[in-house]
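In: Just the structure for this:
(one chain, ligands or ions: 1)
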Amino acid sequence: MVETLKIDIERSNRSRLPQTDFTNLPFGKVYSDHMLLADYRDGEWKNFRIVPYGYMPMSPASPALHYGQSIFEGMKAYHSSSGEALVFRPSDNLRRLNISAERMCMPALPEDLFMESLSAIIDTDREWIPTAEGSSLYIRPFMFSADEYIGIRPSQDFTFMIILCPVGAYYSTPVKVKIETHYTRAVQGGTGYAKAGGNYGGAIYPAKVAQDQGYHQLIWTDGKEHRYIEESGTMNVMFVIEDTLVTPALSDSILNGITRDSVLKIARSWGMKVEERKISVTELVDALAAGKVKEAFGAGTAATIAHIELIGHEGIDYKLPAVEERVFANKVYRELEAIKRGTKPDPFGWIVKM
Ligand code: COI
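Out: Residues are numbered from 1 along each chain as shown. Have a look, this model is predicted:
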């Protein structure tokens with residue numbers, strides 16, 4: 001805890017907790033009572049404050065609105081049996097936020113300011129951390145340009161914020177995905193590895209086309225040839241092909257997922273064969289057709305471990321084995337949940353208590 005950072009707190013005089021149904025927490029629809037803000041002005045972060053959650057004024061000329069100069073993170077906190085907030089790998093989220101910031105020509109946020117802000121907002125809204133199995137407090141840090149200028153140039157002023165949502169599962173059922181070979185999410189040299197708002201905005205239409213065809217999500221392929229599997233937009237993708245855990249190697253068009261990394265570290269610690277490499281669409285489709293793909297799942301903060309039940313490619317749907325038969329994905333999900341909730345030791349040092 002940094003003693004030097006002063007955070008002004010204006011408390012809400014009417015908590016929404018009594019009206020909140022913690023047994024029904026659709027992802028991203030319920031927000032806690034407060035939010036944290038900070039301003040970047042004259043080359044430094046200042047004015048850290050917590051205010052009641054609500055609308056805030058911003059310039060209609062902000063480059064965030066016009067040019068998508070905005071980045072975000074997603075992380076989760078869990079309620080421990082002794083009442084503490086257990087936050088999963090927050091330093092890794094900050095590292096990625098700062099990588100995104102550099103790519104989007106935005107200022108880095110120093111670790112001490114980030115941790116202090118996080119700890120303060122979690123402490124203010126501690127009672128919003130859900131306790132039921134499968135639920136958690138989703139933490140959304142984000143940063144955007146606060147310039148009042150619609151010309152294109154590096155911005156000077158920025159806003160950093162953290163909002164909190166108690167959530168249940170992002171996907172409530174196993175997902176059906178389509179391998180996308182027409183639209184493109186990210187290209188070499190682009191912003192795919194950054195958690196930049198525009199990466200997600202541009203993916204909504206192709207995902208909607210797939211949803212109209214009966215799928216939940218896409219599996220994106222590389223933007224050059226559509227030959228290689230990349231990620232799913234809301235999560236990284238992983239496959240158990242015969243006895244090996246296989247996932248696309250990271251590149252500048254794939255998000256470096258923290259859940260992805262956690263799954264790989266756990267798998268390696270169990271002695272599982274793991275391959276991070278290029279996976280061609282042809283290899284995957286041939287393995288699906290030959291029944292060699294035993295498991296397929298997405299890995300993400302919001303999605304956690306999301307079983308994939310079906311993969312569509314060029315009009316053919318390949319069904320995966322029943323979820324109950326999936327040894328690795330079920331085991332790693334349970335292991336991750338136990339570490340996150342503090343019911344099992346944390347050998348990797350991932351949990352920060354707040
Ligand atoms: C997350 O998993 O935190 C994400 O950012 C996915 C999101 C687009 C819901």
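
In: pLDDT value on residue 1, please?
Out: Note on residue 1: pLDDT of 45.

In: mind listing the helices for the stretch 101-250 of the chain?
Out: Assigned by DSSP state H, counting those that start in this stretch, the stretch 101-250 of the chain shows helices spanning 111-124, 197-201, 204-212.

In: Quick one: the helices in the stretch 251-354 of the chain, in order.
Out: Secondary structure of the stretch 251-354 of the chain by DSSP H, counting those that start in this stretch: the helices cover 258-269, 281-289, 327-341.

In: returning to that earlier point: for the helices of the stretch 101-250 of the chain, which one sits closest to the ligand?
Out: Each of those has some distance to the ligand by CB to the nearest ligand atom; the shortest is helix 197-201, at 5.6 Å. The way it works is simple: take the backbone N, C-alpha and C, and place the C-beta from them, glycine included.

In: residues from this structure in reach of the ligand?
Out: Within the chain, the positions adjacent to the ligand are 74, 200, 234, 300-303 by CB under 6 Å from any ligand atom.

In: before we move on, back to that, could the helices of the stretch 101-250 of the chain be laid out in JSON lines, adding mean pLDDT and mean neighbour count?
Out: As requested, the helices of the stretch 101-250 of the chain are exported to JSON lines (pLDDT from 0 to 100; neighbours: other CB atoms under 10 Å):
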{"stretch": "helix 111-124", "mean pLDDT": "98", "mean neighbour count": "20"}
{"stretch": "helix 197-201", "mean pLDDT": "97", "mean neighbour count": "16"}
{"stretch": "helix 204-212", "mean pLDDT": "98", "mean neighbour count": "14"}
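
In: mind checking which of the ones you listed is nearest residue 153?
Out: Residue 153 sits nearest to helix 197-201 of all the helices of the stretch 101-250 of the chain, at 17.6 Å, using CB to CB.

In: Would you enumerate the residues in contact with residue 139?
Out: 73-77, 87, 118, 122, 162, 164 (CB atoms under 8 Å, 6 or more residues apart in numbering).

In: ok, back up a step: would you reformat the helices of the stretch 251-354 of the chain as JSON lines and include mean pLDDT?
Out: Output for the helices of the stretch 251-354 of the chain, formatted as JSON lines (pLDDT from 0 to 100):
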{"stretch": "helix 258-269", "mean pLDDT": "98"}
{"stretch": "helix 281-289", "mean pLDDT": "98"}
{"stretch": "helix 327-341", "mean pLDDT": "97"}
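
In: can you list those in JSON lines and add mean neighbour count?
Out: Shown next, in JSON lines, are the helices of the stretch 251-354 of the chain (neighbours: other CB atoms under 10 Å):
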{"stretch": "helix 258-269", "mean neighbour count": "19"}
{"stretch": "helix 281-289", "mean neighbour count": "17"}
{"stretch": "helix 327-341", "mean neighbour count": "18"}
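
In: Export those helices to JSON lines and append columns for distance to residue 27.
Out: Converted to JSON lines, those look like this (distance: least, CB to CB, whole Å):
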{"stretch": "helix 258-269", "distance to residue 27": "15"}
{"stretch": "helix 281-289", "distance to residue 27": "28"}
{"stretch": "helix 327-341", "distance to residue 27": "17"}
